[in-house]
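Asks: turn this into a structure:
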Amino acid sequence: MSLSPEEIERYARHLVLRDIGGPGQSKLKAARVLVVGAGGLGAPLLQYLAAAGVGALGVVDDDAVSLSNLQRQVIHATQDVGRAKVDSAQDAVARINPHVAVEPHALRLDAANARALIARYDIVADGTDNFATRYLVSDACFYERKPLVTAALGGFDASLTTLRPFEQGADGPNPTYRCLFPIPPQPGEIPTCAEAGVLGALAGTVGAMMALEVVREIVGFGEGLVGRLLLIDAHGMRFETVRYGYDPENPLSGVGAR
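Replies: Sure thing, here's the model as predicted:
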């Protein structure tokens, strides 16, 4: 996919990178990415994917902007309070990069619509704040054979990984989300953002790292986070990566798959 003269100037700092260059930037322009959630993680994620020149961004969110969002959801502004987040996000992306098409989906993902929507995109990035949606998105991506970049945010901690369980790794099948988290927490076991709070700058850091991982998956450079969980501790400013593997008992691709 060719770049216009204006795009060549816009992406000049990408074009001189050996691992991106013209071919990589063309891959970004041709890519279709679905961002699930336009909140604390989705907001910076959308900003950097738009700035990077991803050709089409789908945005899924059924919420409206509230004043308490603005401490971390930087794609929205004070005048957006009360607006649908997908509409606010669409306007923000247009300000950042008019070459990016935004496809707003003002809905809540469920078992009836998740697979059909995910099938329309090349890669999915999940920045939602609840385990039910994370399991739903990861299961749908498995069945639709779509790579998934997924992150979770706590008050002062976060995690990030990439899932490609429909493919084989060097040592066998790649792990699923259910290999990493076999049993979902009980309702009320994990405090919500409203209950526990969240550090705004941490949301920005992790959302930007999600964008970096999506770009790496699209362009194809570096060692991705498949089978690796990045853990971030903002209290001690520590980063740690732990490996996790395929669980043959997982219900998606294991011996008892259902």
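
Asks: now Ala114. Nearest residue, chain neighbours left out?
Replies: Using Cβ to Cβ, 6 or more residues apart in numbering and skipping residues adjacent in sequence, the residue nearest Ala114 is Ala140, 4.1 Å away. C-beta: built from backbone N, CA, C; applies to glycine.

Asks: quick check, the one you found in a strand?
Replies: No. Ala140 sits outside any strand when classified using DSSP: H, G, I helix; E, B strand; the rest coil, being helix.

Asks: longest helix anywhere in this protein?
Replies: Criterion DSSP state H: the longest helix present in the chain is helix 200-219.

Asks: quick one: contacts for the residue lying closest to Leu107 once chain neighbours are set aside?
Replies: Leaving aside its sequence neighbours, Leu107 sits nearest to Asp62 (Cβ to Cβ, 6+ apart; 5.4 Å). Applying Cβ atoms under 8 Å, 6 or more residues apart in numbering, we find Asp62 in contact with Ala106, Leu107, Arg108.

Asks: return the subset of the residues you listed lying in helices.
Replies: Going by DSSP H, the helices hold none of these.

Asks: ok, and the most crowded of these?
Replies: Ala106 (14 neighbours; other Cβ atoms under 10 Å).

Asks: what strand or helix carries the residue nearest to that residue when sequence neighbours are not counted?
Replies: Closest residue to Ala106 apart from its sequence neighbours, by Cβ to Cβ, 6+ apart: Val86 at 4.9 Å. Taking DSSP states H and E as the criterion, Val86 maps to helix 85-96.

Asks: what packs against that helix?
Replies: Judged by 3 or more Cβ pairs under 8 Å, 6 or more residues apart in numbering; DSSP states H and E, the packing partners of helix 85-96 are helix 42-52, strand 56-60, strand 101-105.

Asks: pretty sure Gly169 sits against Val226.
Replies: Yes. Gly169 lies in contact with Val226 (Cβ atoms under 8 Å); the separation is 6.9 Å.

Asks: mean confidence score for stretch 42-49?
Replies: Averaged across stretch 42-49, the pLDDT comes to 98.

Asks: for stretch 17-27, same thing?
Replies: On average, stretch 17-27 scores 97.

Asks: find the nearest non-adjacent residue to Val215, please.
Replies: Ala52 (5.6 Å).

Asks: Gln116 - how many residues pack around it?
Replies: One correction, residue 116 is Ala, not Gln. For Ala116, the neighbour count with other Cβ under 10 Å is 10.

Asks: other residues contacting the host helix or strand of it?
Replies: Assigned by DSSP H and E, Ala116 belongs to helix 114-118. Contacts with helix 114-118, where a contact means Cβ under 8 Å, 6+ apart, come from 34, 58, 60, 105, 109, 124, 136-137, 139-141, 143-144, 146.

Asks: and if you look at stretch 23-34?
Replies: With Cβ under 8 Å, 6+ apart as the contact definition, stretch 23-34 has outside contacts at 1-3, 7, 11, 14-15, 17, 49, 52-58, 60, 99, 117-118, 120-125, 214-215, 218-221.

Asks: so where's the chain shaky on pLDDT?
Replies: For the chain, the stretches with pLDDT under 70 are 256, 258.

Asks: what segments of it are strands?
Replies: For the chain, the strands defined by DSSP state E cover 32-36, 56-60, 101-105, 123-126, 148-153, 157-163, 168-169, 172-173, 228-233, 238-243.

Asks: do you know which of these lies nearest Met209?
Replies: strand 157-163 (5.8 Å; Cβ to Cβ).

Asks: could you give the number of residues near Glu213?
Replies: By the other Cβ under 10 Å criterion, the neighbourhood of Glu213 contains 24 residues.

Asks: so what's it closest to, chain neighbours aside?
Replies: Val149 (4.8 Å).

Asks: in this structure, which residue is closest to the centre?
Replies: Central residue of the chain (Cα atoms, centre = their mean): Ala125, 2.3 Å from the mean position.

Asks: is it true that that one touches Val35?
Replies: Yes. Assessed by Cβ under 8 Å, Ala125 is found in contact with Val35 at 5.2 Å.
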